[in-house]
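1. what follows is a predicted structure for the sequence shown.
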Amino acid sequence: MNMIVIIALGIFHLFPDALIERVSFLKVIIIGGGWSGCAAAITAKRAGAEVSLYERTDLLLGLGNVGGIMRNNGRYTAAEELINLGAGDLIHITDNNTTHKNVDFPGHEHAWFYDVNKIEPEVKSHLVSLGIDVKTLSRVVNIKKEKNKITGIKLENGGIVDGDVFIDATGSTGGMNNCFKHGNGCVMCILRCPTFGSRVSISSLAGAKDIVSERDDGSFGAFSGSCEISKDSLSKEIADQLDDKGIVIFKIPEEDVNLEKLKLKVCQQYALEKFAENLILLDTGHIKIMTPFYPLDKLRKIKGLDKVRFIDPYSGGRGNSVRYLAAAPRTNDLKVVGIDNLFCAGEKSGFFVGHTEAICTGSLAGHNAVRYLANLEPIILPNSTATGDLISYANYRLKAKDGKKIKYTFSGAEYFNRMKRVGLYSIDNKEIKNRIENLGLTGLYGKKLI
């Protein structure tokens with residue numbers, strides 16, 4: 001592909017129209033339609049490539065359909081950086097679907113909650129409006145490869161699709177066997193592996209060995225950090241409080257406090273004793289309970305929750321999905337080590353927690369995928385940006401003895417502490433804008449490259 005680009009550039013003055021036509025067919029294929037895959041599709045399309053996005057289920061956004069928390073703590077900084085870098089599309093969509101702003105809860109300040117019931121159709125419509133070829137119900141099961149390059153993907157239905165550069169945004173959750181092996185069984189979460197098939201690791205198929213996270217006791221993976229219950233199953237008093245404030249906090253009966261459960265959570269920013277001693281409910285369209293699971297009979301002991309039921313995962317009284325079982329080895333430009341034309345994003349690119357983190361990594365992966373096609377040097381964002389520092393710091397920490405036990409998020413735990421310590425955390429929009437301008441990065445992701 002690089003040879004074609006070089007030859008084409010050499011004849012540009014003779015055949016400029018032919019060059020534009022030829023380069024316009026350079027194709028980026030993204031596998032996985034979560035937040036990171038969608039972000040990668042947007043920046044790759046803006047950079048001038050033909051983009052196809054393959055998602056195994058019937059919904060984009062994956063865990064974003066049951067998430068809903070944005071702009072809390074350092075995620076505010078990262079969100080504003082994305083906007084100034086030229087990749088604010090998904091941030092604007094979540095902002096426009098926000099129902100509660102500047103909510104504080106234990107360990108977190110100025111959180112915004114988007115409505116999970118409205119977000120996916122709007123994101124899908126936006127991608128389609130940009131000319132991105134969105135393929136849902138399209139499970140990728142294998143690849144074609146020549147030496148160190150992927151040449152195509154193979155679909156579950158037998159179809160084969162060729163491409164020039166690929167982005168693995170398949171995440172790290174699923175299939176059913178992993179939740180049985182490392183969790184409490186399949187709990188029927190939003191990813192719906194029994195219906196749509198298990199996640200397939202593209203990087204692993206290409207020959208890169210997946211990196212698996214560890215818990216303190218040496219076991220693998222981590223539980224997703226929250227459950228969702230139906231707002232209609234709450235008492236009117238509690239539902240009204242949530243509509244008004246976006247948050248309700250209950251004191252957990254002393255006999256039901258379980259501090260050990262905090263060690264299981266992927267979201268280490270919520271692994272505070274307050275999250276074991278209190279039941280924290282957030283209004284994200286459905287009602288989010290900030291705990292990986294909670295026995296239903298004990299949940300119904302709390303006044304106003306006596307008729308409550310889980311909606312994700314359906315078996316949230318017993319467990320949750322298990323994540324961080326398949327990160328890819330990668331460089332700080334998000335290229336997978338050992339495969340020339342494969343990039344990665346989201347949880348595939350490291351033990352990153354959160355929608356904003358996924359959008360940040362996806363935006364860089366999509367942009368760099370097109371830089372690869374254009375025979376340009378990849379972008380490594382400087383450590384003076386939140387995204388660049390997060391990506392490089394996670395790679396650096398992975399080499400430490402406890403590196404596989406650490407999860408990284410702008411919103412808390414080890415990395416947010418680092419943000420504050422090195423002066424990256426800010427909620428001053430002008431300061432963040434000036435930071436990106438001074439680095440010469442304003443509008444980076446909006447520039448057409450081919």
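-> Thanks, I have the structure now. Residues are numbered from 1 along each chain as shown.

2. please make it C-alpha for all contacts and neighbour counts, starting now.
-> OK.

3. pLDDT weak spots in this structure?
-> 1-25, 257-273, 275 (pLDDT under 70).

4. tell me the domain boundaries of this protein?
-> Domain assignment for the chain by automatic domain parsing gives 25-101+112-220+326-446, 224-315.

5. hey, where'd the helices end up in the stretch 101-250 of the chain?
-> Using DSSP state H, counting those that start in this stretch, the helices found in the stretch 101-250 of the chain span residues 119-129, 176-182, 193-196, 202-205, 236-245.

6. okay, those helices, which one's buried deepest?
-> Highest mean neighbour count of the helices of the stretch 101-250 of the chain: helix 202-205, a mean of 22 (counted as mean count of other C-alpha atoms under 10 Å).

7. show me the longest helix that occurs in the protein.
-> helix 355-373 (DSSP state H).

8. please save the CA atoms from it in CSV.
-> Taking Å, rounded to 0.1, in the frame of the first residue of the first chain, the C-alpha atoms of helix 355-373 are listed here in CSV:
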residue,chain,number,x,y,z
HIS,A,355,-16.3,6.1,27.7
THR,A,356,-14.0,9.2,27.5
GLU,A,357,-10.9,7.1,27.6
ALA,A,358,-12.3,4.9,24.8
ILE,A,359,-13.1,8.0,22.7
CYS,A,360,-9.6,9.4,23.3
THR,A,361,-7.8,6.2,22.2
GLY,A,362,-10.2,5.6,19.3
SER,A,363,-9.7,9.1,17.9
LEU,A,364,-5.9,8.7,17.8
ALA,A,365,-6.1,5.2,16.4
GLY,A,366,-8.4,6.3,13.5
HIS,A,367,-6.2,9.2,12.7
ASN,A,368,-3.0,7.2,12.8
ALA,A,369,-4.5,4.5,10.6
VAL,A,370,-4.9,7.0,7.8
ARG,A,371,-1.4,8.5,8.4
TYR,A,372,-0.2,4.9,7.8
LEU,A,373,-2.0,4.9,4.5
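
9. against which helices or strands is it packed?
-> helix 35-46, strand 69-70, helix 75-85, strand 165-168, strand 342-344, helix 386-398 (3 or more C-alpha pairs under 8 Å, 6 or more residues apart in numbering; DSSP states H and E).

10. which elements pack onto the shortest one?
-> Contact partners of strand 69-70 among helices and strands, from 3+ C-alpha pairs under 8 Å, 6+ apart: strand 108-114, helix 355-373.

11. partners of the shortest one in the sheet?
-> This means strand 108-114. Sheet pairing of strand 108-114 (DSSP bridges) gives strand 69-70 (antiparallel), strand 98-105 (antiparallel).

12. for the longest helix of the chain, the distance to its chain's centre please.
-> 11 Å (C-alpha atoms, centre = their mean, to the nearest Å).

13. ok, stretch 109-129 next?
-> For stretch 109-129, the distance to the chain centre is 13 Å (C-alpha atoms, centre = their mean).

14. and for stretch 158-167?
-> 22 Å.

15. swap in stretch 294-310?
-> Taking mean C-alpha positions (C-alpha atoms, centre = their mean), stretch 294-310 and its chain are 30 Å apart.

16. just stretch 99-116 next, same as before
-> Using C-alpha atoms, centre = their mean, the offset of stretch 99-116 from its chain centre is 18 Å.

17. deepest of the domains of the chain, which one?
-> Most buried among the domains of the chain, given mean count of other C-alpha under 10 Å as the contact rule, is domain 25-101+112-220+326-446, at a mean of 21.

18. if we can go back for a sec, now the strands paired with strand 108-114 in TSV, with distance to residue 290?
-> Shown next, in TSV, are the strands paired with strand 108-114 (distance: least, C-alpha to C-alpha, whole Å):
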stretch	distance to residue 290
strand 69-70	11
strand 98-105	11
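
19. so residue 358 sits against residue 38, correct?
-> No - the criterion here is C-alpha atoms under 8 Å, and residue 358 misses it with residue 38 at 9.4 Å.

20. with adjacent residues omitted, what lies nearest to residue 350?
-> residue 327 (5.2 Å; C-alpha to C-alpha, 6 or more residues apart in numbering).

21. for that neighbour, what are phi and psi?
-> Dihedral pair for residue 327: phi -80, psi 150, per degrees, to the nearest 10.

22. so what's it up against?
-> 171, 172, 210, 211, 212, 347, 348, 349, 350, 351 (C-alpha atoms under 8 Å, 6 or more residues apart in numbering).

23. so the fifth one touches residue 405, yeah?
-> Right, residue 212. No - between residue 212 and residue 405 there is no contact under C-alpha under 8 Å: 9.3 Å.

24. right, so of the helices and strands packed on helix 355-373, which gets closest to residue 250?
-> strand 69-70 (19.6 Å; C-alpha to C-alpha).

25. run the chain-centre distance for the closest one.
-> So, by C-alpha atoms, centre = their mean, the centroid of strand 69-70 is 12 Å from its chain's centroid.

26. ok, and what's touching it?
-> Contacts for strand 69-70 (C-alpha under 8 Å, 6+ apart): 76, 94, 111, 112, 113, 114, 284, 355, 356.
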